[in-house]
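Peer 1: need coordinates for the following:
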Amino acid sequence: MGNRTEYILLLSSWTWMLSGISTGCGSADVTVVSGDAYGNRFAVKNLLTNANQEIFGQNYWIGPDGTASFILNLGCRRTFDGIKLVNTHNGQARDRATKQFKLFSSQTASGPWTQVLDTQLGDSRQQQDPLPLQMIALDTQTAARFVKLELLSWWGDGGGLQYFGIHRVKEDNLVFSVCGFSYKQGNKIGQVTYDRYFSNTNGFEPETGAVAAPSEGIYLVNFYSHIDSGTSTFQTIQDPKDYYSAYIRLNGQNLEFEGHLKSSLVGNTENQDDVTTGRNLVLHLNEGDKVDVGLDTVMPNGAGLTHSSFCMVEIARSQRNTIYSCGFKYTHRNKIGVVTYDRHLKNRNDFGNEESEESLDLNRGCFVAPVEGVYLVNFDTHFDTGRGPTGKDDKYNVVFRKNGQTLEQASIRTSMHGSDDNHDDVTTGRSITLHLKKDDQIDVFVEEVIPVGAGLTHSSFCVTLIHLVEAETPASAFCGFMEGPVNSEGVLTYDRVFTHVDDYHYGGLNRQTGVFRAPTKGTYLVNFDTQVDSGPGPRETSNQEYYSAYIRKNGKKLQFEGHV
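Peer 2: Next up is the predicted model:
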């Protein structure tokens with residue numbers, strides 16, 4: 001690691017989170033696409049809930065006299081091997097019940113349809129409430145998003161059902177996840193493309209650098225890269241457009257502010273001109289939406305982008321039962337205090353009420369948790385540090401706060417300064433997972449600034465629910481914090497664990513060994529953030545003297561995509 005006394009690691013945090021466990025695709029997400037009914041009081045939607053007693057015209061479905069059908073949207077693609085249903089007797093009338101029906105499945109509401117069941121039910125007209133819940137196996141296991149039931153014959157005057165549901169096959173907690181790695185994009189303007197893909201749950205192999213969303217949902221998107229900016233010359237010092245600029249793009253359009261990465265910091269020598277930077281975003285995508293990264297401005301003296309990684313991970317498979325709020329601030333400048341926001345980038349709260357559904361208050365800069373859960377919290381910004389040298393204690397220090405109290409494990413600090421007025425920008429931020437109780441408040445607070453800098457610009461603050469604590473599916477979420485400083489090689493260990501959700505009661509983070517053990521197969525979100533004190537400059541050093549750390553899996557370095 002070279003001259004280790006010059007490189008100090010401090011204020012580090014790790015995050016592990018099992019993703020995709022709040023899929024937004026359970027029984028509460030089933031909706032009616034279409035259906036025949038005897039009247040509004042006997043609508044198809046009534047059969048989505050199971051009641052102990054039929055109440056005439058309120059809580060069961062009755063079809064019109066004769067044949068009938070309905071189509072249900074399961075909310076996402078589900079694998080199931082049977083159905084659960086309760087027949088009807090039409091309340092106190094006791095004159096109707098379903099006899100024969102067929103069931104079909106499809107990936108779309110318009111078909112084509114595949115028959116998966118043809119069966120008959122017994123006469124339930126004289127049975128007493130509660131009518132029995134019947135489990136019926138399909139002819140074959142199926143995976144589909146839509147089901148259609150066709151009523152073919154009936155007991156009495158017509159047919160109907162009090163309740164209908166599917167019997168799901170236990171599925172792995174795998175969600176859509178794909179990450180691409182580019183060893184060297186260099187200074188090539190245009191779409192960033194990738195040499196290979198990792199963390200790829202769907203065997204996805206895009207032909208370009210764009211990733212298409214397989215279904216509507218909430219996705220975490222991030223892009224990180226090493227940037228070799230080179231050293232400045234007289235010509236570049238005079239050029240206000242001498243910087244690296246890249247954008248996360250949606251369907252070919254730059255996400256102009258919230259998706260912007262910028263670095264204009266230059267090195268003192270050709271061996272001291274690298275920085276790792278990136279950006280996190282949470283996006284609501286429709287099926288087929290394409291996300292990529294475009295490099296649009298380069299520094300001619302730099303070697304460009306290397307060791308770039310781009311990841312897109314599904315957080316929720318629909319918008320139902322989701323919370324995601326993102327605020328954007330064009331410029332906060334050098335103002336000490338809470339960061340407030342100009343506008344919402346995204347804002348959805350399915351747990352709000354009619355009076356107030358906004359979780360993120362723009363004017364206060366404060367996110368209020370509507371429900372208890374595990375939340376992903378991101379803040380990214382451009383820092384304009386100004387021309388150096390500055391005072392030894394000058395730095396930007398930005399912290400997350402919970403209920404007005406500083407979270408020291410969630411700070412963003414930079415004291416690097418520019419070599420001139422045109423080379424003093426860098427994009428950086430912090431991403432952590434927090435277990436929040438209902439009504440807990442999260443905001444971002446600027447504690448210290450560099451007086452000669454222009455401050456914070458293009459800031460984005462996002463909070464997303466990734467697991468509802470009351471949900472049936474368990475979660476595993478751990479965040480470890482190490483204050484440091486550390487100036488020796490080896491595995492990082494942690495002083496304490498500040499997020500601890502262990503529903504599996506197995507595995508998790510051992511802070512004394514620094515190792516996280518996965519409690520179950522799944523797609524995990526892993527973050528590592530740290531502040532690095534690299535010592536004073538300028539200095540003449542070899543190309544082997546730099547700070548280097550790796551995320552490791554089973555003791556082996558993730559040599560490129562896990563490199564800091």
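Peer 1: for the stretch 51-200 of the chain, which spans come out with low pLDDT?
Peer 2: Applying pLDDT under 70 to the stretch 51-200 of the chain flags the ranges 170-175.
Peer 1: which stretches of it form strands?
Peer 2: 61-62, 68-87, 96-106, 114-120, 134-156, 160-168, 177-186, 190-191, 196-198 (DSSP state E, counting those that start in this stretch).
Peer 1: how about those in CSV, adding mean neighbour count and distance to Ile466?
Peer 2: From N, CA and C alone the C-beta is placed, and that goes for glycine too. Output for the strands of the stretch 51-200 of the chain, formatted as CSV (neighbours: other CB atoms under 10 Å; distance: least, CB to CB, whole Å):
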stretch, mean neighbour count, distance to Ile466
strand 61-62, 28, 35
strand 68-87, 20, 17
strand 96-106, 21, 30
strand 114-120, 15, 33
strand 134-156, 17, 23
strand 160-168, 21, 21
strand 177-186, 20, 13
strand 190-191, 12, 29
strand 196-198, 15, 21
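Peer 1: distance to Asn397 added to the ones you listed, as a markdown table?
Peer 2: Listed next are those as a markdown table, based on distance: least, CB to CB, whole Å:
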| stretch | distance to Asn397 |
| --- | --- |
| strand 61-62 | 61 |
| strand 68-87 | 43 |
| strand 96-106 | 55 |
| strand 114-120 | 60 |
| strand 134-156 | 48 |
| strand 160-168 | 49 |
| strand 177-186 | 31 |
| strand 190-191 | 36 |
| strand 196-198 | 34 |
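Peer 1: figure out which of the ones you listed is closest to Leu456.
Peer 2: Ranking these by proximity to Leu456 (CB to CB) places strand 177-186 first, at 27.2 Å.
Peer 1: partners of the closest one, with directions?
Peer 2: strand 196-198 (antiparallel), strand 304-316 (antiparallel) (DSSP bridges).
Peer 1: dump the ones you listed to CSV, plus distance to Val486.
Peer 2: Output for the strands paired with strand 177-186, formatted as CSV (distance: least, CB to CB, whole Å):
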stretch, distance to Val486
strand 196-198, 28
strand 304-316, 22
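Peer 1: mean neighbour count, the ones you listed: which tops it?
Peer 2: strand 304-316 (a mean of 24; mean count of other CB atoms under 10 Å).
Peer 1: the helix or strand following it pairs with which strands, parallel or anti?
Peer 2: Later in the chain than strand 304-316, the nearest helix or strand by DSSP states H and E is strand 323-333. The strands beside strand 323-333 in its sheet (DSSP bridges) come out as strand 343-349 (antiparallel), strand 455-468 (antiparallel).
Peer 1: state the mean pLDDT of the helix or strand hosting Phe498.
Peer 2: Assessed by DSSP H and E, Phe498 sits inside strand 496-502. Per-residue pLDDT over strand 496-502 has a mean of 82.
Peer 1: which parts of the following helix or strand past it are buried?
Peer 2: Under the assignment DSSP H and E, the closest C-terminal helix or strand after strand 496-502 is strand 508-510. Buried residues in strand 508-510, counted by 16 or more other CB atoms under 10 Å: 508-509.
Peer 1: which neighbours in the sheet does strand 508-510 have, and how are they oriented?
Peer 2: Applying DSSP bridges, one finds strand 508-510 paired with strand 515-517 (antiparallel).
Peer 1: the inter-axis angle of the helix or strand following the partner strand versus strand 304-316?
Peer 2: Once the chain leaves strand 515-517, the next helix or strand it forms, by DSSP H and E, is strand 523-533. For strand 523-533 against strand 304-316, the angle by axes from the mean of the first three to the mean of the last three CA atoms, to 10 degrees is 140 degrees.
Peer 1: neighbouring strands for the following helix or strand past strand 523-533, and are they parallel or not?
Peer 2: Sequence order places strand 552-553 as the next helix or strand after strand 523-533, per DSSP H and E. The strands beside strand 552-553 in its sheet (DSSP bridges) come out as strand 556-557 (antiparallel).
Peer 1: circling back: closest to Asn363 out of the strands of the stretch 51-200 of the chain?
Peer 2: Smallest distance to Asn363 across the strands of the stretch 51-200 of the chain (CB to CB): 34.9 Å, for strand 68-87.
Peer 1: please identify which of the strands of the stretch 51-200 of the chain is closest to Val446.
Peer 2: So among these, strand 177-186 is nearest, using CB to CB, at 32.0 Å.
Peer 1: give me the distance from that closest one to the chain's centre.
Peer 2: 19 Å (CA atoms, centre = their mean, to the nearest Å).
Peer 1: who's in contact with the spatially most central residue of the chain?
Peer 2: Residue closest to the average C-alpha location in the chain (CA atoms, centre = their mean): Leu220, at 3.3 Å. By CB atoms under 8 Å, 6 or more residues apart in numbering, Leu220 lies in contact with 19, 280-282, 311-313, 315, 376, 464, 525.
Peer 1: which of the strands paired with strand 177-186 has the lowest mean pLDDT?
Peer 2: Minimum mean pLDDT among the strands paired with strand 177-186: strand 196-198, a mean of 81.
Peer 1: the helix or strand that that one is followed by - contacts with which helices or strands?
Peer 2: Next helix or strand after strand 196-198 toward the C-terminus (DSSP H and E): strand 211-212. The contact analysis (3 or more CB pairs under 8 Å, 6 or more residues apart in numbering; DSSP states H and E) places strand 211-212 against strand 290-297.
Peer 1: end to end on stretch 493-508, go ahead and measure it.
Peer 2: 14 Å (CA to CA, to the nearest Å).
Peer 1: let me redo that: stretch 189-199
Peer 2: End residues of stretch 189-199 are separated by 26 Å (CA to CA).
Peer 1: Asn87 contacts Gln162, doesn't it?
Peer 2: Yes: using CB atoms under 8 Å, Asn87 is in contact with Gln162, at 6.7 Å.
Peer 1: select, out of the strands of the stretch 51-200 of the chain, the one closest to Ala410.
Peer 2: strand 177-186 (24.0 Å).
Peer 1: now do that closest one and strand 290-297, the angle between them.
Peer 2: Using the same axes, to 10 degrees: strand 177-186 against strand 290-297 is 20 degrees.
Peer 1: from memory Ser124 sits against Lys99, does it?
Peer 2: No: the pair Ser124 and Lys99 does not pass the contact test of CB under 8 Å, sitting 9.9 Å apart.
Peer 1: now the common contact residues for these two.
Peer 2: Common neighbours of Ser124 and Lys99 (CB under 8 Å, 6+ apart) are Trp155.
Peer 1: now Phe478: how far from Ala518?
Peer 2: 11 Å (CB to CB, to the nearest Å).
Peer 1: the two - which one has more neighbours?
Peer 2: The neighbour count for Phe478 versus Ala518, taken as other CB atoms under 10 Å, is higher for Phe478 (23 against 15).
Peer 1: grab the nearest non-local neighbour of that one.
Peer 2: Leu509 (3.8 Å; CB to CB, 6 or more residues apart in numbering).
Peer 1: now do that neighbour, the pLDDT please.
Peer 2: 87.
Peer 1: identify the bridge partners of it.
Peer 2: Phe516.
Peer 1: so which of the strands paired with strand 177-186 gets nearest Val291?
Peer 2: strand 304-316 (5.8 Å).
Peer 1: contacts only, for the closest residue to Ala144 other than its chain neighbours.
Peer 2: Spatially, and ignoring its direct neighbours in sequence, Ala144 is nearest to Ser105 (3.6 Å; CB to CB, 6+ apart). Ser105 sits next to 113-114, 116, 142, 144, 146-148 when contact means CB under 8 Å, 6+ apart.
Peer 1: packing partners for the strand or helix carrying Tyr375?
Peer 2: Here Tyr375 is covered by strand 373-384, with elements defined by DSSP H and E. Packing partners of strand 373-384 (3+ CB pairs under 8 Å, 6+ apart): strand 274-285, strand 323-333, strand 396-402, strand 405-414, strand 425-436, strand 441-448, strand 455-468.
Peer 1: what's the mean pLDDT across the fourth one?
Peer 2: When you say that, I think you mean strand 405-414. On average, strand 405-414 scores 83.
Peer 1: list the buried residues in it.
Peer 2: Applying 16+ other CB under 10 Å to strand 405-414 flags 407, 409-414 as buried.
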